[in-house]
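Trainee: sequence first, predicted model second:
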Amino acid sequence: MPSIDPLAQLPRQGAARSGFTLVELLVVISLIAMLISMLLPSLGKSKERARMVQEVSNMRQLMIASSNYALENKSYYPYRVPGEYMLHQVRGSGWDLNKSFFPRYLGERWNAFCLGNLQQLRPPEIWTQYKDQYVTSQYFNFSVKNGTWFVPIVSLEKDNVSGKHAMWSDLTTKKDSNNWLGHDAQETPVSPTGQVASRIDGSAAWIPWADMELMIRVSNHDFYRPKER
């Protein structure tokens, strides 16, 4: 009968241990969760900054295209008929910027949609549902000389328009006492933090809420614009 060494039944000193204990595993998971919670806000801010840079670029292109249009049309900006008060309307009776302006000066695939949260409410794919009229950019067509808005055509030469006036911006409107529409607001009771806008001098930038003002009230819609610089 073979002899059995009782010492062989004891665990060896210093033997390598495999796997993790439950406590160690929970600690590792907690550390990973903490790192993720620290990194997510930074990633979100980076994404928003990148989106903002693209939107500022789009607004600048809109203004450059408007200026090019004026150069080829006796210093007149794209046409808007009197009484068309909705700033985000690009087509009406007898006029259509989708034919006279966007395709020729910005390309066939261009659409004037905000890149912020507002796009989730009105994404480009529902363009046809708005009959090519309601987009998420505002177009300001006005006469400095006469102090009136929505004149048939704005003349750069006759009205001596200066660079301090905004021509395009993100749609920013208060629909009623509780609902807003804007870059980072989509039918919420909280006002947007600002809008991207381009001015007649070709500049484009983010305009914080403190530098915006009520421009016009149409029915239950209050439209906001950048203040003059």
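Mentor: Everything's here; your move.
Trainee: can I assume Pro103 sits in a strand?
Mentor: No: the assignment for Pro103 (DSSP: H, G, I helix; E, B strand; the rest coil) gives helix, which keeps it out of a strand.
Trainee: neighbours of it, how many?
Mentor: Using other Cβ atoms under 10 Å, Pro103 has 13 other residues around it. Placement of C-beta: from N, CA and C, glycine included.
Trainee: quick one: mean pLDDT over stretch 21-37.
Mentor: Looking at stretch 21-37 alone, the average pLDDT works out to 80.
Trainee: low-confidence ranges in the chain?
Mentor: 1-20, 41-44, 81-85, 108-112, 122-134, 142-162, 177, 229 (pLDDT under 70).
Trainee: which residues in it form strands?
Mentor: Assigned by DSSP state E, the chain shows strands spanning 91-92, 95-96, 137-139, 142-143, 148-149, 166-170, 173-174, 180-182, 185-188, 194-199, 204-208, 212-218, 221-226.
Trainee: contact partners for Glu24?
Mentor: Not one residue lies near Glu24 by Cβ atoms under 8 Å, 6 or more residues apart in numbering.
Trainee: that one and Ile36: what is the separation?
Mentor: Look at Glu24 and Ile36: by Cβ to Cβ, to the nearest Å, they are 19 Å apart.
Trainee: and the helices in this structure, which stretches?
Mentor: Counting by DSSP state H, the chain has helices at residues 22-72, 97-100, 102-106, 118-121, 156-159.
Trainee: picking that back up, dump the strands of the chain to CSV, plus mean neighbour count and distance to Val28.
Mentor: Shown next, in CSV, are the strands of the chain (neighbours: other Cβ atoms under 10 Å; distance: least, Cβ to Cβ, whole Å):
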stretch, mean neighbour count, distance to Val28
strand 91-92, 16, 59
strand 95-96, 16, 61
strand 137-139, 24, 48
strand 142-143, 19, 62
strand 148-149, 13, 62
strand 166-170, 26, 44
strand 173-174, 22, 49
strand 180-182, 24, 42
strand 185-188, 16, 39
strand 194-199, 26, 41
strand 204-208, 18, 41
strand 212-218, 14, 48
strand 221-226, 21, 50
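Trainee: among the ones you listed, which is nearest Gly107?
Mentor: strand 137-139 (15.4 Å; Cβ to Cβ).
Trainee: what's in contact with the closest one?
Mentor: Applying Cβ under 8 Å, 6+ apart, the contact partners of strand 137-139 are 59, 62, 78, 80, 87-88, 90, 97, 112-114, 167-172, 223, 225.
Trainee: let's see that with 6 Å instead.
Mentor: Strand 137-139 is contacted from outside by Leu87, His88, Ala112, Trp168, Ser169, Leu171, using Cβ atoms under 6 Å, 6 or more residues apart in numbering.
Trainee: can you tell me which of the residues you listed is closest to Trp206?
Mentor: Ser169 (10.5 Å).
Trainee: got the contact list for the closest residue to the closest one other than its chain neighbours?
Mentor: Leaving aside its sequence neighbours, Ser169 sits nearest to Ala197 (Cβ to Cβ, 6 or more residues apart in numbering; 3.6 Å). Contacts for Ala197 (Cβ under 6 Å, 6+ apart) come out as Ala166, Ser169, Ile207, Pro226.
Trainee: noted, bye for now.
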